[in-house]
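S.K.: please work out how this folds:
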Amino acid sequence: MNPPRAAHPQKRLYSLPEAAAYLGRSTWSVRRLIWNGELPQVRAGGRVHVDVRDMDQFIERNKVREERASLSKESA
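M.R.: Residues are numbered from 1 along each chain as shown. As a prediction, this is how the structure comes out:
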């Protein structure tokens, strides 16, 4: 069973300052991610926006999990 849809959908497009806050980075860092092709942009009316779905995918792609073996070596 699908959950009920919200009456007002969540915001999907974020301005660069909003995207920076969402990602915990500076606005210029987000610009560099866009320029380097690491984060897609949405251009509308001369403004640059970032899709929240793309930011979530960026986060998932860049997650790193430490292995237990390397953690136990560090504590020794």
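
S.K.: remind me which helix or strand Arg43 belongs to.
M.R.: Arg43 belongs to strand 42-44 when assigned by DSSP states H and E.

S.K.: parallel or antiparallel, list what pairs with that strand.
M.R.: Strand pairing for strand 42-44, determined by DSSP bridges: strand 47-51 (antiparallel).

S.K.: just how off-centre is the strand holding Arg43 within its chain?
M.R.: Relative to the chain's own centre, strand 42-44 is displaced by 17 Å; criterion: Cα atoms, centre = their mean, to the nearest Å.

S.K.: so what touches it?
M.R.: With Cβ atoms under 8 Å, 6 or more residues apart in numbering as the test, strand 42-44 has contacts from 13, 48-51. C-beta: built from backbone N, CA, C; applies to glycine.

S.K.: the residues you listed: which two are farthest apart?
M.R.: Greatest spacing in these, by Cβ to Cβ: Val48 and Asp51 (11.4 Å).

S.K.: low-confidence ranges in this structure?
M.R.: Scanning the chain with the threshold set as pLDDT under 70 gives 1-9, 69-76.
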